[in-house]
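Trainee: Requesting a structural model of the entry that follows:
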Amino acid sequence: MKQIQILITCSMLLGMIACQRQNINISEFKHQELFNIPKETENFIIANNEYEILKNEFSGFDSYIDYYIAHGNTYQTDYSSMSDNEAIRIACVEYLMSQKDFLLQLNSKQRKELLCLSMKKQKIKFDVKYSNPMMARQTGLQLITQLLSIEGEKEILQSISDYCSQHEFEYGIYNDKDFNDFLMQIISNHCNK
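Mentor: Numbering: from 1, shown residues only. Below you'll find the model as predicted:
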């Protein structure tokens, strides 16, 4: 438990600098690089049993999406004495789905469906009072921005870049409720088209 807390703290500190760059310009930066999860978090996910199970048992859009729909609908509170395996499950499945090889196999309609679902899942990560599913917030943000990049949603990515250049994130972009609300608004507009 102590190791997980240390890992989450390190991930949070690394995440704090993810969007601290000034004058973010789409032509100078690849959007995805701003929001990739820290290497330490990635290593933790890959070493997790849940990751291995998902990687070995699932293949294709339908199996991943069914699993994704069934999980990540609530998270334990920070003051709970039990570990939140739900956050780890979601982090693992989002990490696997955010891989370019997986996303490029999907058609545009499937990617939009996944984007809209991941937006709903990301919103839940901020709505559960007294919870902080840090890893799942990171992987959700990575999945969302990866989907936007692959779909070539330049207008949305430009809005994200503009937002990042105008705001500072005291506790990291992954934990910033205002940024999350902004992101949910622009993606929900896109999903409603």
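
Trainee: give me the low-pLDDT residue ranges for the chain?
Mentor: Counting by pLDDT under 70, the ranges of the chain that qualify are 1-34, 79-84.

Trainee: Helices along that one, start to end?
Mentor: In the chain, the segments counted as helices under DSSP state H are 2-16, 31-35, 39-47, 49-57, 61-70, 85-97, 100-105, 108-127, 134-151, 154-166, 177-191.

Trainee: mind giving me JSON lines with the ones you listed and columns for mean neighbour count and distance to Q76?
Mentor: C-beta here means a position set from N, CA and C on the backbone, and glycine is covered the same way. Converted to JSON lines, those look like this (neighbours: other C-beta atoms under 10 Å; distance: least, C-beta to C-beta, whole Å):
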{"stretch": "helix 2-16", "mean neighbour count": "15", "distance to Q76": "13"}
{"stretch": "helix 31-35", "mean neighbour count": "18", "distance to Q76": "25"}
{"stretch": "helix 39-47", "mean neighbour count": "16", "distance to Q76": "18"}
{"stretch": "helix 49-57", "mean neighbour count": "13", "distance to Q76": "16"}
{"stretch": "helix 61-70", "mean neighbour count": "15", "distance to Q76": "17"}
{"stretch": "helix 85-97", "mean neighbour count": "23", "distance to Q76": "7"}
{"stretch": "helix 100-105", "mean neighbour count": "12", "distance to Q76": "28"}
{"stretch": "helix 108-127", "mean neighbour count": "18", "distance to Q76": "12"}
{"stretch": "helix 134-151", "mean neighbour count": "25", "distance to Q76": "12"}
{"stretch": "helix 154-166", "mean neighbour count": "17", "distance to Q76": "29"}
{"stretch": "helix 177-191", "mean neighbour count": "16", "distance to Q76": "19"}
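
Trainee: any chance of those in CSV, plus distance to T77?
Mentor: Listed next are the helices of the chain as CSV, based on distance: least, C-beta to C-beta, whole Å:
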stretch, distance to T77
helix 2-16, 15
helix 31-35, 26
helix 39-47, 21
helix 49-57, 21
helix 61-70, 21
helix 85-97, 12
helix 100-105, 32
helix 108-127, 12
helix 134-151, 14
helix 154-166, 29
helix 177-191, 16
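
Trainee: Next one: the closest residue to T77 other than its chain neighbours from A87, what distance?
Mentor: Nearest residue to T77 in three dimensions, chain neighbours excluded: Y130, at 4.1 Å (C-beta to C-beta, 6 or more residues apart in numbering). Going from Y130 to A87 by C-beta to C-beta, to the nearest Å gives 14 Å.

Trainee: tell me, what residue is most central in the chain?
Mentor: Nearest residue to the geometric centre of the chain (C-alpha atoms, centre = their mean): G140, 1.6 Å.

Trainee: right, and that residue touches V93 too?
Mentor: No - if you go by C-beta atoms under 8 Å, G140 and V93 don't touch, sitting 10.3 Å apart.
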